[in-house]
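Colleague: Below is the structure, and that's it, no one-letter string:
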């Protein structure tokens, strides 16, 4: 139990979104969460996994050998 549990408000602040977005993630079960009574807590590791799974790496185009003529 070394994981830190965040409230929905804290998750929204970390993601830079409104509170509605993390609530929707919980409702659609797109992120792991813990329900303590009527409170919802999201483990910090679950938030990191969610962000990592949606990471989009940039495409690297091969460098052309010749430059364009003007």
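Modeller: Thanks, I have the structure now. Small disclaimer: the values here were computed from a predicted structure and weren't measured.
Colleague: shouldn't residue 25 be in contact with residue 31?
Modeller: Yes. Using CB atoms under 8 Å, residue 25 makes contact with residue 31 at a distance of 4.4 Å. C-beta here means a position set from N, CA and C on the backbone, and glycine is covered the same way.
Colleague: ok, for residue 39, nearest residue in space, not its chain neighbours?
Modeller: residue 7 (7.5 Å; CB to CB, 6 or more residues apart in numbering).
Colleague: Look up how far residue 65 lies from that neighbour.
Modeller: Using CB to CB, to the nearest Å, residue 7 is found at 55 Å from residue 65.
Colleague: And these two? Which one has more around it.
Modeller: residue 7 (14 against 5; other CB atoms under 10 Å).
Colleague: could you measure the more buried one against residue 45, distance?
Modeller: 16 Å.
Colleague: thinking again about what came up before, hmm, the residue nearest to residue 39 is touching residue 41, no?
Modeller: Yes. Using CB under 8 Å, residue 7 is in contact with residue 41, at 6.5 Å.
Colleague: what's the offset of the longest helix along the chain from the middle of its chain?
Modeller: If you go by DSSP state H, the chain has its longest helix at helix 44-53. Relative to the chain's own centre, helix 44-53 is displaced by 5 Å; criterion: CA atoms, centre = their mean, to the nearest Å.
Colleague: Surely residue 23 and residue 8 touch.
Modeller: Yes. Using CB under 8 Å, residue 23 is in contact with residue 8, at 5.8 Å.
Colleague: who's more crowded, the two?
Modeller: Legend: neighbour count by other CB under 10 Å for residue 23 and residue 8, higher for residue 8 (19 against 14).
Colleague: quick check, residue 35 in a strand?
Modeller: Yes. The assignment for residue 35 (DSSP: H, G, I helix; E, B strand; the rest coil) places it in a strand.
Colleague: Tell me what it is bridged to.
Modeller: Assessed by DSSP bridges, residue 35 has beta-bridge partners residue 40.
Colleague: Distance-wise, check it relative to residue 19.
Modeller: From residue 35 to residue 19 the distance is 17 Å (CB to CB).
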